[in-house]
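Participant: quick one, what's the 3D model for this:
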Amino acid sequence: MANSARKDYNSGTLMSLLTVDVKRIQWFTLQFATFLAVPLRIVLIIYIMWQYIGIASLAGVAVIGILFPFSFYISRISWKFNDKQMEVKDVRLKLMNEILNGIKILKLYAWEIPFAGRVSKARNDEIKWIRYSFFTFIVTAFVFNCTPFTQIPFMDFQLSIAAFGTYLLTDSNNVLSPTKAFVTLALMEQLRYSLSLLPDAVADLIQFNISLKRLRKYFCCENKDDRVIGNDPDRGEAITVKEASFSWASDSDCVLKDIELHVPVGKLIAVIGPVGSGKSSLLSALLGELYKRSGSVDLKGSIAYVPQVTWVLNRSLKSNILLVKHMVEEKYNKIVDLCCLRTDLEILPAGDETEIGEKGVNLSGGQKLRVNLAQAVYQDKDVYLLDDPLSAVDVHVRKSLFSDVIGNNGLLKKK
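Facilitator: The predicted structure is shown next:
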């Protein structure tokens, strides 16, 4: 997904799409045959009633004709309420996700009560719109179930009087045979049951359309263009950037202008500058994360990236280093030693089989950085992009990592 689209979809919105919208579409798909059969059943029942009592069957159709415009109006209101409910739900899920991610800081500063108040307010707003949505559903169900098609004998009696009275008035012989009477009553009962399914069908259809619209908008977001970065394994240079300008979105200002960069294979290049000068942005541009406004960018072969903000999986430390690669004992042990992780493995309760918690909560910043570095080295890529890889370690570890891994005599000397 392109950066211009990513800003519209935070973790709360994505969680809502996965847990709510997908579930609604799945439910409607399972019930689709039933909902499709309801109008067909109604039409077929009215047709059969017409064969028995003729134009008198339109007495029930007239009631249906009165109810459907009302149902359409209520469904439009319900649509708006459901749409608003999903917006508020996204806000609540985003807030909960941020609280859970920063629960340690929240507990340290004793912010439980203020944040609990914010969650309660968000939930109350959501409940308000849920209440409005259910109110429209109740009104629809009440109207449909209080028509002459309900199970209440008096109501059925009214419909029977209307239908049979109309039949006697229009029939030339003014005779209602037992066959026509009992068959018509049975058909009326079937018609009543079919109409009782309509409120649920209308409510589920509204929710399905809203969820489908939200998912369609997400799937139609702008994707990252993989053609922005050329990849030619036969090039003489590892990285070639010619008069390239980049921006974070297609409609925003350039953050990098007229960049010219040539990096030979096996060459170690350091980009130095003050905070906010665009060092991380340059690496993002080389990864294709930025929108290229002009120029060309070419990289030779595959890329490994060690970000400034460390990234670890909620799995064992060994799995974080290996990722999808097979275990090679000698290579693995060498990388662990040179990335200064051996001492940490001896401290951890299960060594390299220790489960790393969500976002590496049981590792320090320096440990996570070294895990990321070991992970990148083990993948054995052609080009390595390291974003401030020595910032979270002490002087001695920094010197060791540079000389044994990053420097001209380290593991990456030919990269």
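
Participant: break this structure into its domains for me.
Facilitator: With the TED database as the criterion, the domains of the chain are listed as 3-220, 237-301, 306-405.

Participant: mind putting those domains into JSON lines with mean neighbour count and distance to residue 415?
Facilitator: Heads up, the C-betas are built off the backbone N, CA and C, glycines and all. JSON lines is the format used below for the domains of the chain (neighbours: other CB atoms under 10 Å; distance: least, CB to CB, whole Å):
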{"stretch": "domain 3-220", "mean neighbour count": "15", "distance to residue 415": "27"}
{"stretch": "domain 237-301", "mean neighbour count": "16", "distance to residue 415": "7"}
{"stretch": "domain 306-405", "mean neighbour count": "16", "distance to residue 415": "5"}
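
Participant: quick one: which of those is nearest residue 414?
Facilitator: Minimum separation from residue 414 across these (CB to CB) falls at domain 237-301, 5.2 Å.

Participant: ok so, going back, how about CSV for the domains of the chain, with distance to residue 231 added?
Facilitator: Formatted as CSV, the domains of the chain follow (distance: least, CB to CB, whole Å):
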stretch, distance to residue 231
domain 3-220, 20
domain 237-301, 6
domain 306-405, 10
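
Participant: comparing these by mean pLDDT, which bottoms out?
Facilitator: Ranked by mean pLDDT, those bottom out at domain 3-220, with a mean of 77.

Participant: and that domain, how far from the chain's centre?
Facilitator: Chain-centre distance of domain 3-220: 24 Å, with CA atoms, centre = their mean, to the nearest Å.

Participant: same deal with stretch 322-332?
Facilitator: Worked out by CA atoms, centre = their mean, stretch 322-332 lies 33 Å from the chain centre.

Participant: what are the contacting residues of it?
Facilitator: Stretch 322-332 is contacted from outside by 318, 321, 375, 378-379, using CB atoms under 8 Å, 6 or more residues apart in numbering.

Participant: does residue 241 count as helix, strand or coil?
Facilitator: strand (DSSP: H, G, I helix; E, B strand; the rest coil).

Participant: tell me which helix or strand the nearest residue to residue 118 once chain neighbours are set aside sits in.
Facilitator: Spatial nearest neighbour of residue 118, excluding adjacent residues (CB to CB, 6 or more residues apart in numbering): residue 95 at 6.3 Å. Assessed by DSSP states H and E, residue 95 sits inside helix 58-101.

Participant: wait, doesn't residue 104 sit right on residue 361?
Facilitator: Yes: contact between residue 104 and residue 361 holds when scored by CB atoms under 8 Å: they sit 7.3 Å apart.

Participant: okay, and which of the contacts of stretch 322-332 map to helices?
Facilitator: 318, 321, 375, 378-379 (DSSP state H).

Participant: just how off-centre is stretch 312-325 within its chain?
Facilitator: That offset, for stretch 312-325, works out to 24 Å (CA atoms, centre = their mean).

Participant: ok, now stretch 332-348?
Facilitator: The chain centre lies 37 Å from the centre of stretch 332-348; the measure is CA atoms, centre = their mean.
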